[in-house]
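# need a 3D model of the following:
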Amino acid sequence: MKVHPLDQQHFEVIIIGAGMAGMAAGIRLALAGKQVIILERHNASGGLNSFYSIEGRKYDVGLHAMTNFVPKGTKSTPLTKLLRQLRIPYDALDLCQQNGSRIAFPGCELEFSNDFALFEAEVARAFPSQIDGFRALADEVRTLDAFNLGAIPTSAREAVQRHISDPLLEDMIFCPVMYYGSAEEHDMDYGQFAIMFRSLFFEGFARPFDGVRVIIKLLQDKYRALGGIRKMKCGIKQIHTQGNRASAVELDDGAVLTADKIISTAGVVETVRMCDDQSSDAANDNIGQLSFTETITVLDKQPADFGWDDTIIFFNTRERFHYAGVRDELVDPTSGVICFPNNYQYGNGRQLDEGFLRITAMANHDKWCALNNADYLAQKEHWYAELQKVALNILPTSKLCLDQARIASDMFTPRTVRKYTGHLNGAIYGAPDKIKDGRTHLENVYLAGTDQGFLGIIGAMLSGISMANLHVLQGD
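Numbers count the residues shown, from 1 in each chain. Take a look at the predicted model:
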């Protein structure tokens, strides 16, 4: 191991990754007076939920909506708990509620909003024979101890089928829940299902007017004000071990840092493979298989001008909803998510200057990464057009022409996700088997974020806070 004496420093905690979980963990530890450093391979914070600029125009990545919305003053919810733990005022988030969203399947649609009563009424309207079972499911989900770190994973499909006998309603419930958080094909852990069901339907969607960068700036400013150190463009080459402990972190430039404890938000497989006591193919059976692509279209008109008032539409065009890795094509256009960032209740006469249409669908990581640059660009152009067609078939017919209103566009693929997150297979939601207690094979290395198992932006921050509290601050 090459040591650079002038560079070597010791910290109480090293945090790998400046995403939502890493920054929240850093703030929590800095508030407790711990000497912390956050190491980030890239030049931007936010991880899976960040933003980028092209020709001066900012594009959000990841943030369709911030789930877990509750009005100011609501007690004992994930959002209010994390704000209290991080000592961030509610108003600083500038949260604006959704207009309303829907789930669109062939022959059936269900609307929902931040008022659960609407979703319940829609199920009663479309599935009158299922409403009692749906209410029983909702009651069960409401009281489930979904954040129990010691809970044994169980099938969400089996749990839902105890109450819901109509396969269509079952699929319509799972579509948004899975698209917003499941790393598992076809099914998911019931605890994770409950977390997502609550965050989408009991609580709801909101968005800061200026998008995800509001959240990132809040976290960065808070961490910096507390004296926390954040080193960007700083990749981890290896975690060195002695016995059952991590002894040092070696950076890509050869510098070495030591720490009492390490919290990694890089993912369970990715973290294990950093350790010099593990093989390069360790945990091969727990690599996520689900990746996505997304098109972003910028318009010179508001979506409402087209008659498009929904905030988010979760759609499926097959007879049965199929949530699985894409095998044969580059993209599976038969299900996905349509999002209009303009369609939030911004208030005070505020509205985004330009219209935005975002379309997300599942995609094949290996096929995208195997393309040469010319073919890659050609396939992006092809699938961009295909996904626009799919969206136009789902959206209400408009007299306005989408092509004529387009002033800019972009598209990210699994190749983009792999490059900027480091997630194997470009798996946005990480490994299918989560590590709820955050423990690894090393007694002083812990996981937070996607592969710990709390989902969404709020879930990621809560994961960082929970793991910092449990493994660093508890007992201090």
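
# all helices for the stretch 301-450 of the chain, in order.
Ranges of helices within the stretch 301-450 of the chain are 365-370, 373-394, 402-405, 414-421, based on DSSP state H, counting those that start in this stretch.

# tell me which of these sits nearest to residue 206.
Nearest to residue 206 among the helices of the stretch 301-450 of the chain is helix 373-394 (23.0 Å), distances taken as C-beta to C-beta. Where you see a C-beta, it was placed from the backbone N, CA and C, and this is true even at glycine.

# pLDDT of the one helix or strand residue 239 maps to, averaged?
For residue 239, the host element (DSSP states H and E) is strand 236-242. Averaged across strand 236-242, the pLDDT comes to 97.

# what's the first helix or strand after it?
Assigned by DSSP H and E, the successor of strand 236-242 is strand 245-251.

# just checking, what packs against that following strand?
With contacts taken as 3 or more C-beta pairs under 8 Å, 6 or more residues apart in numbering; DSSP states H and E, strand 245-251 sits against strand 236-242, strand 256-264.

# so for it, what's the average pLDDT?
For strand 245-251, the per-residue pLDDT averages 97.

# tell me which residues in it are buried?
For strand 245-251, burial by neighbour count (16 or more other C-beta atoms under 10 Å) applies to 246-251.

# that strand to strand 236-242, inter-axis angle?
Following axes from the mean of the first three to the mean of the last three C-alpha atoms, to 10 degrees, one obtains 160 degrees for the angle between strand 245-251 and strand 236-242.

# coming back round to it: most tightly packed of the helices of the stretch 301-450 of the chain?
Greatest average neighbour count among the helices of the stretch 301-450 of the chain goes to helix 414-421 (a mean of 21), per mean count of other C-beta atoms under 10 Å.

# how is this protein divided into domains?
For the chain, automatic domain parsing gives the domain ranges 9-92+210-287+431-473, 98-208+288-420.

# how far away from the center of its chain is the shortest one?
Going by C-alpha atoms, centre = their mean, to the nearest Å, the spacing between the C-alpha centre of domain 9-92+210-287+431-473 and its chain's C-alpha centre is 13 Å.

# between the two ends of it, how far is it?
21 Å (C-alpha to C-alpha, to the nearest Å).

# the longest one now?
Domain 98-208+288-420 has its terminal residues 29 Å apart, counting by C-alpha to C-alpha.

# same thing with stretch 91-99?
Length of stretch 91-99, first residue to last, C-alpha to C-alpha: 20 Å.

# so what touches it?
The contact list for stretch 91-99 (C-beta atoms under 8 Å, 6 or more residues apart in numbering) reads 65-66, 69, 72, 83, 113-114, 204-210, 214-215, 218, 309-312, 343-347.

# low-confidence ranges, the chain, go.
Residue ranges of the chain with pLDDT under 70: 1-8, 475-476.

# how about 90 then?
1-9, 42-65, 146-152, 416-423, 428, 453-456, 475-476 (pLDDT under 90).

# present the helices of the stretch 301-450 of the chain as TSV; the columns should include distance to residue 179.
Conversion of the helices of the stretch 301-450 of the chain to TSV gives the following (distance: least, C-beta to C-beta, whole Å):
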stretch	distance to residue 179
helix 365-370	17
helix 373-394	14
helix 402-405	23
helix 414-421	15
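
# any idea how far residue 67 is from the nearest residue to residue 115 once chain neighbours are set aside?
Excluding the flanking residues, the one nearest residue 115 by C-beta to C-beta, 6 or more residues apart in numbering is residue 204, at 7.9 Å. Distance check for residue 204 against residue 67: by C-beta to C-beta, to the nearest Å, it reads 7 Å.

# now residue 54: phi and psi?
phi -130, psi 120 (degrees, to the nearest 10).

# what does the one 5 residues further on give?
Note on residue 59: backbone dihedrals following degrees, to the nearest 10 are phi -120, psi 130.

# was I right to think it contacts residue 410?
Yes: the criterion here is C-beta atoms under 8 Å, and residue 59 meets it with residue 410 at 6.1 Å.

# who touches both of these two?
residue 296.

# contact partners for residue 127?
Per C-beta under 8 Å, 6+ apart, neighbours of residue 127: 134, 166, 168-169.

# show me those residues that map onto strands.
Using DSSP state E, no member of the contacts of residue 127 falls within strands.

# for the strand or helix carrying residue 192, output the C-alpha coordinates as PDB.
Using DSSP H and E, residue 192 maps to helix 190-197. Provided in PDB are the C-alpha atoms of helix 190-197 (Å, rounded to 0.1, in the frame of the first residue of the first chain):
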ATOM      1  CA  TYR A 190     -43.500  -5.900   1.800                       C
ATOM      2  CA  GLY A 191     -41.800  -3.500   4.200                       C
ATOM      3  CA  GLN A 192     -40.400  -1.500   1.200                       C
ATOM      4  CA  PHE A 193     -43.800  -1.600  -0.400                       C
ATOM      5  CA  ALA A 194     -45.400  -0.200   2.700                       C
ATOM      6  CA  ILE A 195     -42.900   2.600   2.800                       C
ATOM      7  CA  MET A 196     -43.500   3.500  -0.800                       C
ATOM      8  CA  PHE A 197     -47.300   3.200  -0.600                       C
END
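
# could you point out which element follows that helix?
strand 206-208.

# could you name the helices and strands sitting against that following strand?
Using 3+ C-beta pairs under 8 Å, 6+ apart, strand 206-208 sits against strand 95-97.

# which residues sit against stretch 385-401?
Residues from elsewhere that reach stretch 385-401 (C-beta under 8 Å, 6+ apart): 104, 293, 295, 297, 301, 305-308, 313, 315, 317, 331, 333, 336, 338, 357, 359, 361, 402.

# of the residues you listed, buried ones?
Buried among the contacts of stretch 385-401 by 16+ other C-beta under 10 Å: 104, 293, 295, 297, 301, 306, 308, 313, 315, 331, 333, 336, 338, 357, 359, 361, 402.

# for the strand holding residue 239, buried residues please.
236-241.

# repeat that for stretch 124-144.
Buried, per 16+ other C-beta under 10 Å, within stretch 124-144: 126-127, 130-131, 133-134, 137-138, 141, 144.
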